Every structure is written in structure tokens, then in C-alpha cells.
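> here is a sequence with its predicted model. Questions after.
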2 protein chains.
Amino acid sequence: MTTFTCDPQLVADSHFVMSLPLSDVLLHKNAAFVWLMLVPRMDGMRDITDLPRDRQSALLDEINIATRVLKDLYTPFKMNVANLGNMVQQLHVHVIARYADDAAWPRPVWGSGIEAAYDDDMLSKRIAELRAAFAQEVTS
Amino acid sequence: MTTFTCDPQLVADSHFVMSLPLSDVLLHKNAAFVWLMLVPRMDGMRDITDLPRDRQSALLDEINIATRVLKDLYTPFKMNVANLGNMVQQLHVHVIARYADDAAWPRPVWGSGIEAAYDDDMLSKRIAELRAAFAQEVTS
């Protein structure tokens, strides 16, 4: 039985995609970017290095999975992978597909002021294709 | 014998601190932040996940070392650990000590426009204390 509670701001900013062995996969509500967040289900963690080393390795495995999913589905020019935690302290790792013609390029997405909303159809499609791709990665 | 060449922009933006088993440790010239970069000495890598899995694990070990060094020396409020690579494509991981009263907080440091220069004494002191702390981490 786990006592993990996802930070309310992370919940408010995202849609739930699925649970991996260590982390919950969230899709950021900002549709200007294909932007995932991995949230390890362990309370009290802020930095990646706060995790026990074996959980760090599990997180790295899940960063690999998330990266493969985004590369396979969306063919980004570059991945941005980051733990900042300046706004929300609970440990979360951003895994973002970037393009040389995206609205913030080459700046980071955080604080760019660039935002867009998913419409219902786009959101349903995106979550469905992400769930299918993650499920295939996890079982393969 | 290695054929690795560090990207000229990374060289221009930084001072060399030391070599760890996988990565070179660079100190960013921007003295507004305590800002390290880890550059794995392998040509042709862009994303962390481009590295073979055992080298990813070695990089994670070195992120742990760099984080401990910065926490021990400078007591940051939060670490920022990120691979972006939007400006310089060669794989490099930022390991940055952040403070709730630093000039860019809570925004990311990249693109913040906030810059400062080290004077010679500050730079010598910082590099010396970093080298001593890394050396102790690597041999301990």
C-alpha cells in the first residue's frame, strides 16, 4: 500500500496517461508542445538523486521508454529531458519533444509564455496513441 | 585512444574543471549561477538515451557526484538537472545549483538574459574548490 499523493499543481496542469512501474506518466495540458512528465510514486523526493540508486535506474529506464515513445510517434528534432522543480517541488521529470520550428525554439518551454489548449478530439487522440505506444514498450 | 572533440561552443562558454570516468566537467562562465555541465566523451551523442545503457548509468553516477559536490559546497535550494541541447547539439547535461533568491528564480537559467562574469580570484577559488570536492568524491 502506497501513500503517494501527486502534487495538486501537477495534477491541475496535466492529463493522466498511465502508470509505469515507478512513475506516473502525465501529458502536460499545454498543447503547444508534446510534453510529458514522469512522476515517481514516492513521497518526499525533490531531486533525481534523492531517489535510492535502484529507483534512479528505474527512472532512467522510464526516461528511455518515454523518449522512444515520443520519437516513434512524433519524430522530434531534439528531446528535452529535465528535472527543474522550481515551481513544483515534488520530483517530476519533463520529457519533451522539440522541433526546430516549434514556437519556443531554441528557448526552453518553461516560462516561454507560449501556450495552446487541446480540443477534445486532439486530446483523446493523443492520449490514446500515447497509451498504446507505452503499453507496447512496457510489454515488449 | 579517443577521437572525442568537445563542441567549440561548449569550450567557449566554460572553464574546464576535470575529467570523470565518462564525462568532462565544465564550469559555465556565467557567474550568476553555480552552473556545471557534464559532457560525456563520446562523439555523435545528442540525447542521454543515445548513450549505450551502461554509459547512461555511468552518466547517472556522475550526475550524483556533481549534485553531491554542489550540495556540499554551496547548499542550493534546488538542483536543476537537464539535457536540452537546443543550442549545442553535442550531448551535455546541465547540473545547476538554484536558490530561491537567485536572479532568475523561479525561471530556468537558459535564456534568462541574466549574466555575470567571474573575476580572476573568484574563478580560481571556485575551480580549486570544485576540483578538490570532485577528487574527494571520485576517490571516496
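Structure's in. What do you need? Numbers count the residues shown, from 1 in each chain, chains lettered A, B, ... in the order given.
> measure A:Ala135 to A:Phe33 for me?
According to CB to CB, to the nearest Å, A:Ala135 and A:Phe33 sit 23 Å apart. (C-beta placed from N, C-alpha, C; glycine too.)
> the more surrounded of those two?
Per other CB atoms under 10 Å in any protein chain shown, whichever of A:Ala135 and A:Phe33 has more neighbours is A:Phe33, with 22 against 12.
> ok, now which ones touch the closest residue to A:Asp102 other than its chain neighbours?
Sequence neighbours aside, A:Phe33 is the residue nearest to A:Asp102 in space, at 6.5 Å (criterion: CB to CB, 6 or more residues apart in numbering or on different chains). Going by CB atoms under 8 Å, 6 or more residues apart in numbering or on different chains, A:Phe33 touches A:96-98, A:102, A:104, A:109, A:114.
> from the chain's centroid, how far away is the lengthiest helix in chain A?
Counting residues, the longest helix found in chain A (DSSP state H) is helix A:53-74. Taking CA atoms, centre = their mean, to the nearest Å, one finds helix A:53-74 lying 10 Å from the centre of the chain it belongs to.
> residue numbers of chain A in contact with chain B?
By CB under 8 Å from any CB of the partner chain, the residues of chain A that approach chain B are A:46-49, A:53, A:56-57, A:60, A:63-64, A:67-68, A:78-87, A:89, A:98, A:105-108, A:110-111.
> can I get the buried part of those residues as one ChimeraX selection?
Buried residues among those (16 or more other CB atoms under 10 Å in any protein chain shown), as a ChimeraX selection:
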select /A:46,47,48,49,56,57,60,63,64,67,68,78,79,80,81,82,83,84,85,86,98,105,107,108,110,111
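> let's see which of the residues of chain A next to chain B end up in helices.
A:53, A:56-57, A:60, A:63-64, A:67-68.
> in chain A, where is pLDDT below threshold?
A:1-2 (pLDDT under 70).
> related to what we said a few turns ago, can you redo the ones in helices among the residues of chain A next to chain B as a markdown table with distance to B:Arg41?
A markdown table is the format used below for those (distance: CB to CB, whole Å):
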| residue | distance to B:Arg41 |
| --- | --- |
| A:Arg53 | 23 |
| A:Gln56 | 22 |
| A:Ser57 | 22 |
| A:Leu60 | 20 |
| A:Ile63 | 21 |
| A:Asn64 | 21 |
| A:Thr67 | 22 |
| A:Arg68 | 25 |
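> residues in contact with the longest helix of chain A?
A:20-23, A:25, A:34, A:36, A:38, A:40, A:42, A:48-49, A:51, A:76, A:79, A:81, A:93, A:95, A:97, A:129-130, A:133-134, A:137-138, B:47-49, B:53, B:56-57, B:60, B:64.
> what about 6 Å?
Contacts of helix A:53-74 with the rest of the structure, by CB atoms under 6 Å, 6 or more residues apart in numbering or on different chains, involve A:20, A:22-23, A:34, A:36, A:38, A:40, A:79, A:95, A:97, A:129, A:133-134, A:137, B:49, B:56, B:60.
> next: stretch A:8-17.
Stretch A:8-17 is contacted by residues A:25-29, A:88, A:92, A:130 when judged by CB under 6 Å, 6+ apart.
> give me the number of residues near A:Ala116?
The tally of other residues near A:Ala116 (other CB under 10 Å) stands at 12.
> wait, isn't it in contact with A:Ala31?
Yes: using CB atoms under 6 Å, A:Ala116 makes contact with A:Ala31 at a distance of 4.3 Å.
> about what we covered before: quickly name whichever of the contacts of stretch A:8-17 is closest to A:Asp120.
Of all those, A:Lys29 has the smallest distance to A:Asp120: 12.7 Å, by CB to CB.
> how far off centre is the helix or strand that contains A:Ser124?
Assigned by DSSP states H and E, A:Ser124 belongs to helix A:120-139. With CA atoms, centre = their mean as the basis, helix A:120-139 stands 13 Å off its chain's centre.
> go on, stretch A:43-50?
16 Å.
> residues in contact with that stretch: which ones?
With CB under 6 Å, 6+ apart as the test, stretch A:43-50 has contacts from A:4, A:51, A:83, A:85, A:89, A:91, B:64, B:67, B:79, B:81.
> would you turn the residues you listed into JSON lines with distance to B:Met122?
JSON lines is the format used below for these (distance: CB to CB, whole Å):
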{"residue": "A:Phe4", "distance to B:Met122": "43"}
{"residue": "A:Leu51", "distance to B:Met122": "33"}
{"residue": "A:Asn83", "distance to B:Met122": "28"}
{"residue": "A:Gly85", "distance to B:Met122": "27"}
{"residue": "A:Gln89", "distance to B:Met122": "30"}
{"residue": "A:Leu91", "distance to B:Met122": "32"}
{"residue": "B:Asn64", "distance to B:Met122": "26"}
{"residue": "B:Thr67", "distance to B:Met122": "22"}
{"residue": "B:Met79", "distance to B:Met122": "22"}
{"residue": "B:Val81", "distance to B:Met122": "24"}
